[in-house]
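J.: Pasting the sequence and the predicted coordinates here, then a few questions.
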Amino acid sequence: MAMAQRNMSEIEENVVESLETGGPLMIAKLEGNGISAGDIKKLEEAGFHTVESVAYAPKKSLLAIKGISEAKADKIMATSKLVPMGFTTATEYHQKRAEIIQISTGSKELDKLLGGGIETGSITEIFGEFRTGKTQLCLTLAVTCQLPIDHGGGEGKCLYIDTEGTFRPERTDYSGRGELSARQMHLARFLRMLLRLADEFGVAVVITNQVVAQVDGAAMFAADPKKPIGGNIMAHASTTRLYLRKGRGETRICKIYDSPCLPEAEAMFAILPDGIGDSKE
């Protein structure tokens, strides 16, 4: 009985700590709740680095880890009590929203359109044709995210994943629609992982996407018959979707294509020698 009371007391302390810090609980916390150091190491090797990632994982994901039996998986799943899993009140949600950091894009007009900049804790998708400023915007964000918060930054670090740097013409053979389902499933799984990272660690995830011409009947009535690739999976995974298109000269136009909190609007920015900035027009 005394042992059970002590464990409950430790769980309550960890919950309070999680709420006060507002950040994730590192998985090492499980060692004080009956999970061995060896099992914690196995979890880390499998990609689980926080208590939240374990609490939200399905049991079959834990059973897939070599050396984790069903009994151990049940014991690990019980650690979800360390994480507040109940309902969130409107006040708590408002407080959480207040902790979001807005990372500057380099353009005041573009920041104004986005309500302050690129949000942390969510996925922002930027899509458009070639030479619309997608790469330049990402390169500028790679710098601004490391600036102090009072300078429009996030006081963080940047992980830049270039999926096109090793692209070769000889690998462009289209393998057919037979693999479309498998590719979409892989895309959905990858986007879920990104969303989990954004939510757990307050990361600002920015992804770039390409466009494709609409060839269905609706394209005849569309002012701009282009749409982002990825289908519904990409559409549902992205929190905010930005559509970039070319203007005159170095001027580019950004449109809020989809957002849960921003109205549909446009802003002009420019690609300058030192990065993204405001248009002189």
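T.: Nice, I can see it. None of the values given here were measured: they were computed from a predicted structure.

J.: Quick one: mean pLDDT for the strand or helix carrying residue 127?
T.: Element membership for residue 127, per DSSP states H and E: strand 122-128. Confidence for strand 122-128, expressed as mean pLDDT, is 95.

J.: Can you point out the buried residues in that strand?
T.: Across strand 122-128, burial judged by 16 or more other Cβ atoms under 10 Å covers 122, 123, 124, 125, 126, 127, 128. Where you see a C-beta, it was placed from the backbone N, CA and C, and this is true even at glycine.

J.: What's the local residue count around residue 154?
T.: For residue 154, the count of nearby residues is 23 (other Cβ atoms under 10 Å).

J.: nope, residue 50 is what I was after
T.: If you count neighbours by other Cβ under 10 Å, residue 50 ends up with 20.

J.: That one - nearest residue in space that isn't next to it in sequence?
T.: In this structure, residue 50 finds its nearest non-sequential neighbour in residue 24, 4.1 Å apart by Cβ to Cβ, 6 or more residues apart in numbering.

J.: quick one on the thing from earlier: name the nearest of the buried residues of strand 122-128 relative to residue 240.
T.: For the buried residues of strand 122-128, the closest approach to residue 240 (Cβ to Cβ) belongs to residue 124, at 4.8 Å.

J.: ok, residue 152 to residue 73 distance?
T.: Distance, residue 152 to residue 73, by Cβ to Cβ, to the nearest Å: 45 Å.

J.: same deal with residue 194?
T.: If you measure residue 194 against residue 73 using Cβ to Cβ, the figure is 25 Å.

J.: okay, these two: which has more neighbours?
T.: More crowded of residue 194 and residue 73, by other Cβ under 10 Å: residue 73, with 20 against 15.

J.: That one is in contact with residue 63, isn't it?
T.: Yes - counting by Cβ atoms under 8 Å, residue 73 touches residue 63, with 5.3 Å between them.

J.: domains of this structure?
T.: Listed by the TED database, the domain ranges of the chain are 1-82, 95-169+177-278.

J.: And those domains: which comes nearest residue 88?
T.: Among the domains of the chain, domain 95-169+177-278 comes nearest to residue 88, with 7.7 Å by Cβ to Cβ.

J.: List the contacts of residue 256.
T.: 113, 240, 241, 242, 262, 263, 264, 265, 266 (Cβ atoms under 8 Å, 6 or more residues apart in numbering).

J.: Please identify which of those residues is nearest to residue 69.
T.: Residue 69 has its nearest neighbour among the contacts of residue 256 in residue 240, at 42.6 Å by Cβ to Cβ.

J.: what is the closest one paired to in the beta sheet?
T.: Taking DSSP bridges as the rule, residue 240 bridges to residue 124.

J.: Tabulate the domains of the chain in JSON lines, adding columns for distance to residue 88.
T.: As requested, the domains of the chain are exported to JSON lines (distance: least, Cβ to Cβ, whole Å):
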{"stretch": "domain 1-82", "distance to residue 88": "11"}
{"stretch": "domain 95-169+177-278", "distance to residue 88": "8"}
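
J.: which of the ones you listed has the lowest average pLDDT?
T.: Taking the mean pLDDT of the domains of the chain, domain 1-82 comes last: a mean of 74.

J.: before we move on, the earlier item: any of the contacts of residue 256 buried? List them.
T.: For these, a neighbour count by 16+ other Cβ under 10 Å gives the buried set as 113, 240, 241, 242.

J.: so which pair among these is furthest apart in space?
T.: Top of the distance list for the buried ones among the contacts of residue 256 (Cβ to Cβ): 113 and 241, 13.0 Å.

J.: which stretches of the stretch 1-150 of the chain form helices?
T.: 2-21, 37-45, 51-55, 59-63, 70-77, 90-98, 108-113, 134-144 (DSSP state H, counting those that start in this stretch).

J.: Please identify which of those helices is closest to residue 189.
T.: Checking the helices of the stretch 1-150 of the chain against residue 189 by Cβ to Cβ gives helix 59-63 as the closest, at 11.7 Å.

J.: How about the contacts made by the residue nearest to residue 259 when sequence neighbours are not counted?
T.: Setting aside the residues directly before and after it, residue 259 is nearest to residue 240 in space (Cβ to Cβ, 6+ apart), at 4.6 Å. Going by Cβ under 8 Å, 6+ apart, residue 240 touches 114, 119, 122, 123, 124, 125, 256, 258, 259, 260, 262.
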